[in-house]
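[1] Here you go, sequence then predicted model.
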Amino acid sequence: MTCYRVTCIPGDGIGPEIMAATKVAVAATGVDIEWVDLEAGAGVMDRFGTPLPQSVIASIRETKVALKGPITTPVGSGFRSVNVGLRKELDLYANLRPAASIPGVRSRYENVDLIVVRENTEDLYAGVEHRVGLDAAESIKIITRRGSERIARFAFEYARREGRRKVTAVHKANIMKLTDGLFLEVAGQVAAEYPDIEFEDRIVDNMSMQLVQKPELYDVLLCPNLYGDILSDLCAGLVGGLGVAPGANIGEETAVFEPVHGSAPKYAGLDKANPTALILSAVLLLKHLGEVAAAQALYEGVRAVIREGRRVTYDLGGTAGTREMGEAVAEQVARLV
Ligand code: NAD
């Protein structure tokens, strides 16, 4: 049996607790993982002088994959966020954010099954901005053919691999004719290489309304950075919010899997936080490793525990702690593998 080495960054706040619960649940799949545990975040600033020690980057380059907990971004320290740092150093150009309804999680919809594929490196987030005198400022929106092509190809490859039926490109090309126009043009060219997958486009404002009114009509959303950032939170809201929203940042060589939520410092050390978002991130990681059956068992295990509703955390209406919920998922998974 293959033994996978996976870099593990528990992170700050509730990170270590949800990571411990997740490891217990993943172990129940039987996949042999050697976790390479490394620290990053506010907790290591004193020791390393940076929240993102080089040893963390080096480990991810070596193992190729990481599971990461949330990290507190120190305010006013002058250091860039660890998440931005990892994205830039490892060129993690694709941000993947699935949003699927989970029976037992309170939300307004029951049949949402969406994936937001967000370009992670360009657009207004390239950070090229400057003041113009005292009373104005400019930010430059950067869209390149290369950046657009690789994210479009990623979205179509993902759709094909996952048996998805449709990719919707999101843009504002009616106004930003050159930048969003290029993104849309390239998306259309890439789409032509995937005749088995339906392709359409939506203007971002209309897309927002449609997602609120008829989210079940959409499947894979292909977005430039800014719209993807906003719509992925909107989509998380459609299915019950932060506690259940997983994510992945993927590059050519490496991939980092992490929940969408932050370090929720007020719950740190209280055994209260919901481990679901990190467990679902581990589902994405197992799939990425090619362990599809184990990923499916972990996915169904966590959904079964939530559907039953007995051993879930406070935010899902239960009284279980983080650890107990992780154990409950592990027991379900053990029945499924
Ligand atoms: P947050 O996501 O940490 O918390 C917002 C609220 O959501 C919490 O008060 C809590 O009620 C709830 N919540 C979040 N995760 C939960 C969970 N797993 N279980 C139960 N409830 C949960 O957002 P914030 O308070 O804005 O940020 C706190 C810190 O986290 C900041 O330093 C921020 O920079 C950082 N952050 C890090 C990441 C990351 O590492 N990817 C992402 C977002 C925020």
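    Great, that's in hand. Numbering: from 1, shown residues only.
[2] Give me the distance between the residue of the chain found nearest the ligand and residue 277.
    The ligand sits closest to residue 262 of the chain, with a gap of 2.4 Å, by C-beta to the nearest ligand atom. For every residue, glycine as well, the C-beta is placed using N, CA and C. Distance from residue 262 to residue 277, counting by C-beta to C-beta, to the nearest Å: 11 Å.
[3] just residue 101 next, same as before
    15 Å.
[4] What of residue 242?
    7 Å.
[5] Same check on residue 97?
    Taken as C-beta to C-beta, the span from residue 97 to residue 277 is 11 Å.
[6] How about residue 323?
    For residue 323 relative to residue 277 (C-beta to C-beta), the value is 16 Å.
[7] Of these two, which one has the most company?
    residue 277 (23 against 15; other C-beta atoms under 10 Å).
[8] so the more buried one touches residue 248, yeah?
    No - with contacts counted by C-beta atoms under 8 Å, residue 277 stays clear of residue 248, the gap being 11.8 Å.
[9] Off-centre distance for the one helix or strand in the chain whose mean pLDDT sits lowest?
    Ranked by mean pLDDT, DSSP states H and E, the weakest helix or strand in the chain is helix 45-48, scoring a mean of 86. On the basis of C-alpha atoms, centre = their mean, to the nearest Å, helix 45-48 sits 27 Å off its chain's mean C-alpha point.
[10] Can you pull up the most central residue in the protein?
    residue 247 (1.3 Å; C-alpha atoms, centre = their mean).
[11] Next, that one: secondary structure please.
    strand (DSSP: H, G, I helix; E, B strand; the rest coil).
[12] can you list residues touching both of residue 97 and residue 277?
    Among the neighbours of residue 97, those also in contact with residue 277 (C-beta atoms under 8 Å, 6 or more residues apart in numbering) are 245-246, 260.
[13] can you redo these as JSON lines with neighbour count, distance to the ligand and pLDDT?
    Supplementary listing: these in JSON lines, determined by neighbours: other C-beta atoms under 10 Å; distance: C-beta to the nearest ligand atom, whole Å; pLDDT from 0 to 100:
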{"residue": "245", "neighbour count": "23", "distance to the ligand": "9", "pLDDT": "94"}
{"residue": "246", "neighbour count": "25", "distance to the ligand": "11", "pLDDT": "97"}
{"residue": "260", "neighbour count": "21", "distance to the ligand": "7", "pLDDT": "92"}
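[14] what about residue 35, neighbour count?
    Residue 35, neighbours per other C-beta under 10 Å, totals 17.
[15] Equivalent analysis for the one 5 residues further on, please.
    Taking other C-beta under 10 Å as the criterion, the count of residues near residue 40 is 28.
[16] wait, it sits on residue 11?
    Yes - with contact defined as C-beta under 8 Å, residue 40 counts as touching residue 11 (7.1 Å).
[17] shared neighbours of those two, anything?
    residue 71.
[18] Break this protein down into its domains, please.
    The chain breaks down by automatic domain parsing into domains covering 1-98+243-337, 108-238.
[19] Could I have the CA atoms of the least confident helix or strand of the chain written out in PDB?
    Listed next in PDB are the C-alpha coordinates belonging to helix 45-48 (Å, rounded to 0.1, in the frame of the first residue of the first chain):
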ATOM      1  CA  MET A  45       6.400  34.800  15.200                       C
ATOM      2  CA  ASP A  46       8.500  35.000  18.400                       C
ATOM      3  CA  ARG A  47      10.600  31.900  17.600                       C
ATOM      4  CA  PHE A  48      11.100  32.400  13.800                       C
END
